[in-house]
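>>> Quick one: sequence plus predicted model below, questions after.
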Amino acid sequence: MTLLETIHGPADIKRLDAGQLTGLADEIRHFLIDKVLRTGGHLGPNLGTVELTIALHRVFDSPRDRILWDTGHQAYVHKILTGRREGFDRLRQKGGLSGYPCRAESEHDTIENSHASTVLSYADGLAKGFRLRGQSDRAVVAVIGDGALTGGMAWEALNNISGAPDRPVVIVVNDNGRSYAPTTGGLATYLAGLRTSPDYERFLEWSKHQLRQTPKLYEALHAVKAGLKDMLAPQGLFADLGLKYLGPVDGHDIAAVEAALRQAAGFGGPVVVHCLTRKGHGYRRAEADEHDHHHAIGASDPATGEPLGSSGPSWTSVFGAELVEIGRERPEVVAVTAAMLRPTGLAAYAEEFPDRVFDVGIAEQHAVTSAAGLAMAGMVPVVAVYSTFLGRGFDQLLMDVALHSCPVVFVLDRAGVTGDDGASHNGMWDLSVLGIVPGLRVAAPRDGATLRGALREAVAVTDGPSAIRFPKGPVGPDLPAVDQHDGIDVLHRSPGDDVLLVSVGAMAATAREAARRLTEEGLGVTVVDPGWIKPVSPSLIKLAEQYRLVVTVEDNLRVGGYGSLLAQELRDAGVPAPVSGFGIPQRFLDHGKRAEILADCGLRPEDLARSIRSRIAADRAPGVRALKEDSR
Ligand SMILES: Cc1ncc(C[n+]2csc(CCOP(=O)(O)OP(=O)(O)O)c2C)c(N)n1
Ligand SMILES: CC(=O)[C@@H](O)[C@H](O)COP(=O)(O)O
Ligand SMILES: [Mg+2]
């Protein structure tokens, strides 16, 4: 039986000796590489937290003590050590283990939101709550990455935590120097300064080498070392904030981390434990990966580590390539990313125009308002961000960009159902929130050709902001229009005025297939794709007036009485026919594959056809009231 097979919970780790712990770390590392290569997931971040997580669960008593993970993508080892090893064969699969902490899975889990920079706020609140409930003996431990530490929320929380010297929050900075790419900004430079002070490096090596022979003394020295570093490595920032600072500690040295955590646990106030780790540690391909592919990998060949089956160009790559072409023609076009240069397709642009790309760290609020500043300076900023993370900068979009009519272009990748990453990663809210922004234009391209077209139109707009949204994954073949109606692409037309099906963005193929099925049943169906869905074009309104039922379908949350803001606008414009919007039900969606989730949401072609059919039938049934607006 392997050591790992004997671990069913944190108690089992506490009884292991130093030699066994090293063996356990090796087994976990091999387990992670084997499992995550097969399923896909956050291999790099989790290889970096093996020893750190072992030490955390040896020092603290989860779940009474709360161990919190920022973003949560690096909590696989936490899951393994809290009895969920068997679940990794179905990691991130429908009905299987979530890729993030999940309260339904374990009492050891707390934060399910995978948006970064939140953990210190949770910790501050938990510590306050424990104190008020007379449970101040419960430790609150917040693990935050160097990347997440560049997010504004983290500093709002630090301001509060550091203002309460008796607030027993242990802040573990998991510093691997990278978000996806190397972490940017002055804070990153500062942290690098802490970890690269040469005196401290030499001392670190000496103490590890010399004192390995006498482990007992090893722990004792770590307390001394914590004092020594005051002379060896400056750590003003945290100390100046009133936070005790321990470190930097070798985050792959279980004994060292344990010693620092035990010291921190005894402080009784806010304390930073600065752990130095390496993303991908122990897996050469990940450690050598300069293109942050191993941050989040797809299912890969276990033998070679190569990703399995690439399925053609992605939406992201189409956007990135077109932006480079535009950038060559328009020197005023600049790009802004929130620590996701490659994932949002901006790497090529940065390569060709290094002075015209700004990585602001995981700081979407700053990304948006600094883009407003860029626009006010006469530039044309393109803010590339995952749809779900735009929520973090919505106030800035509304009040700093739109209120000032700044010509900022928002490119929202991962719009709609993404799937693998669970509830907080689906880009299912953007059309709902963008629909209420005065003066904002919104486009939802259906394929690569219309994405390129929409991007070129957007960067040409001078009197206000635009947003373009598209889903995760392969873009697939272009879907050419079969006709045009007053500037609107017609994707399908059969004789008759029964249904106008307004397809939004990547739902085009679904809408077209649903229309084909309904046409076979003798219904007259026209499918159109407006491309730009906000503002609603007068041509679309006029066209809609000619049909007995108007249906919209979008890969976005259903809102309001008509199911979508587009449907609402058509109705409000006086379209006489009943109008129904089909979209994602108002609930948080569990992880799974995009296709599975769309099926669960009733957004397959057969679902759409069935819903439309029932509405038409209801309308035709004698004595049945006229079609109700969508009331599902
Ligand atoms: C608000 C927000 N923006 C962007 C992301 C995408 N994202 C996920 S992990 C990550 C990098 C996190 O870096 P760090 O905190 O240092 O953790 P590491 O991966 O290095 O362990 C980013 C940008 C996110 N999860 N949340
Ligand atoms: C944790 C996080 O937010 C990202 O790492 C995300 O998981 C990446 O998603 P994609 O794999 O769709 O780029
Ligand atoms: Mg990091």
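Alright, I've got the coordinates. Ligands and ions are numbered 1, 2, ... in the order given.

>>> Tell me which residue in the chain sits closest to ligand 3.
residue 145 (3.8 Å; CB to the ion). Backbone N, C-alpha and C define where each C-beta goes, glycine included.

>>> Dihedrals phi and psi, the residue lying closest to residue 175 once chain neighbours are set aside?
Leaving aside its chain neighbours, residue 175 sits nearest to residue 146 (4.4 Å; criterion: CB to CB, 6 or more residues apart in numbering). Backbone torsions for residue 146, taken as degrees, to the nearest 10, come to phi -60, psi -30.

>>> got it, and residue 152?
Torsion angles, degrees, to the nearest 10, at residue 152: phi -60, psi -40.

>>> burial count for it?
A total of 16 residues lie near residue 152 under the criterion other CB atoms under 10 Å.

>>> Ok, the one 3 residues further on next?
Residues within reach of residue 155, counting by other CB under 10 Å, total 16.

>>> Phi and psi next, for it.
Dihedral angles (degrees, to the nearest 10) for residue 155: phi -80, psi -30.

>>> And the pLDDT for it?
Model confidence at residue 155, given as pLDDT, is 96.

>>> wait, what's in contact with it?
Applying CB atoms under 8 Å, 6 or more residues apart in numbering, we find residue 155 in contact with no residue.

>>> now with 10 Å?
Residues near residue 155 by CB atoms under 10 Å, 6 or more residues apart in numbering: 117, 120, 149, 187, 241, 363.

>>> for those, which one is nearest residue 296?
Nearest to residue 296 among the contacts of residue 155 is residue 117, at 17.8 Å by CB to CB.

>>> Spatially nearest residue to that closest one (excluding sequence neighbours)?
residue 151 (2.6 Å).

>>> what do you get for residue 130?
Closest residue to residue 130 apart from its sequence neighbours, by CB to CB, 6+ apart: residue 138 at 4.9 Å.

>>> Over to residue 314?
residue 474 (5.8 Å).

>>> How many residues are close by that neighbour?
By other CB under 10 Å, neighbour count at residue 474 equals 13.

>>> Can you give me every residue that contacts whichever residue of the stretch 151-300 of the chain sits closest to ligand 2?
Going by CB to the nearest ligand atom, ligand 2 is nearest to residue 296 of the stretch 151-300 of the chain, at 4.1 Å. Going by CB under 10 Å, 6+ apart, residue 296 touches 36, 40-45, 73, 99, 180, 343, 420-421.

>>> so which of the residues you listed comes closest to residue 481?
Distances from residue 481 to these, taken by CB to CB, are shortest for residue 343, at 31.0 Å.

>>> Compute the distance between the closest one and residue 586, please.
28 Å (CB to CB, to the nearest Å).

>>> Compare these two (neighbour count), which wins?
Using other CB under 10 Å as the criterion, residue 343 and residue 586 rank with residue 343 on top: 21 against 10.

>>> any idea what sits nearest that one, other than its immediate chain neighbours?
residue 180 (6.3 Å).

>>> what do you get for residue 607?
Leaving aside its chain neighbours, residue 607 sits nearest to residue 599 (7.5 Å; criterion: CB to CB, 6+ apart).

>>> if I read this right, that neighbour contacts residue 593, doesn't it?
Yes. Contact criterion CB atoms under 10 Å: residue 599 and residue 593 qualify, at 9.5 Å.

>>> tell me, how many neighbours does the residue lying closest to residue 70 once chain neighbours are set aside end up with?
In space, not counting the residues next to it along the chain, residue 70 is nearest to residue 119; the distance is 3.6 Å by CB to CB, 6+ apart. Neighbourhood size, residue 119 [other CB under 10 Å]: 29.

>>> Could you check the pLDDT of residue 119?
With respect to pLDDT, residue 119 has a value of 98.

>>> Could I have the CA atoms of the helix or strand residue 450 falls within written out in CSV?
Residue 450 belongs to helix 448-460 when assigned by DSSP states H and E. In CSV, the C-alpha atoms belonging to helix 448-460 read as follows (Å, rounded to 0.1, in the frame of the first residue of the first chain):
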residue,chain,number,x,y,z
GLY,A,448,-14.5,33.9,-37.7
ALA,A,449,-15.6,36.0,-40.6
THR,A,450,-18.2,38.0,-38.6
LEU,A,451,-15.8,38.2,-35.7
ARG,A,452,-13.2,39.9,-37.9
GLY,A,453,-15.8,42.2,-39.3
ALA,A,454,-17.2,43.2,-35.9
LEU,A,455,-13.7,43.9,-34.6
ARG,A,456,-12.9,46.2,-37.5
GLU,A,457,-16.2,48.0,-37.1
ALA,A,458,-15.7,48.4,-33.3
VAL,A,459,-12.2,49.9,-33.6
ALA,A,460,-13.6,52.4,-36.1
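
>>> Assign a three-state SS to the nearest residue to residue 566 once chain neighbours are set aside, would you?
Spatial nearest neighbour of residue 566, chain neighbours left out: residue 552 (4.8 Å); criterion: CB to CB, 6+ apart. Per DSSP: H, G, I helix; E, B strand; the rest coil, the secondary structure class of residue 552 is strand.

>>> Now do the contacts for residue 552.
500-504, 507, 511, 530, 533, 544, 562-570, 579-583, 630.

>>> In strands only, show me these.
500-503, 533, 579-583 (DSSP state E).

>>> from the contacts of residue 296, which is closest to residue 456?
Using CB to CB, the contacts of residue 296 come closest to residue 456 at residue 343, 22.8 Å.

>>> Report the separation between that closest one and residue 179.
Taken as CB to CB, the span from residue 343 to residue 179 is 10 Å.

>>> Now do the shared contacts for the two.
By CB under 10 Å, 6+ apart, the residues touching both residue 343 and residue 179 are 292, 295.

>>> helices or strands next to the longest helix seen in the chain in the packing?
The helix that spans the most residues within the chain, counting by DSSP state H, is helix 18-39. Helix 18-39 sits against helix 10-14, helix 43-47, helix 50-59, helix 76-79, helix 215-232, helix 254-265, helix 284-287, with contacts defined as 3 or more CB pairs under 10 Å, 6 or more residues apart in numbering; DSSP states H and E.

>>> again, only this time at 6 Å
When contacts are defined as 3 or more CB pairs under 6 Å, 6 or more residues apart in numbering; DSSP states H and E, helix 18-39 packs onto helix 43-47, helix 50-59.

>>> Low-confidence bits of the stretch 201-350 of the chain, can you list those?
Applying pLDDT under 70 to the stretch 201-350 of the chain flags residues 201-235.

>>> I'd say the residue nearest to residue 130 and residue 131 touch.
No. Counting by CB atoms under 6 Å, residue 138 stays clear of residue 131, with 9.5 Å between them.

>>> More neighbours: which of the two?
Between residue 138 and residue 131, counting by other CB under 10 Å, residue 138 is the more crowded of the two (18 against 15).

>>> what's near enough to touch that one?
64-65, 130 (CB atoms under 6 Å, 6 or more residues apart in numbering).

>>> One more: residue 9?
residue 83.

>>> Can you flag the buried ones in the contacts of residue 138?
65, 130 (16 or more other CB atoms under 10 Å).

>>> Close to ligand 2 as well: tell me which of the contacts of residue 138 qualify.
Applying CB under 6 Å from any ligand atom, the subset of the contacts of residue 138 adjacent to ligand 2 is empty.

>>> Would you format the contacts of residue 138 as CSV with secondary structure included?
Converted to CSV, the contacts of residue 138 look like this (three-state DSSP):
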residue, secondary structure
64, coil
65, coil
130, helix
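
>>> With respect to ligand 2, which of the contacts of residue 138 is nearest?
Closest approach between the contacts of residue 138 and ligand 2, by CB to the nearest ligand atom: residue 65, at 24.6 Å.

>>> could you check the distance from the nearest residue to the closest one once chain neighbours are set aside over to residue 267?
Nearest non-adjacent residue to residue 65, counting by CB to CB, 6+ apart: residue 139, 3.9 Å away. Note on residue 139: its distance to residue 267, by CB to CB, is 11 Å.

>>> Looking at these two, which is more packed in?
Between residue 139 and residue 267, counted using other CB under 10 Å, the more crowded position is residue 139 (22 against 15).

>>> Can you get me a residue count around residue 426?
26.
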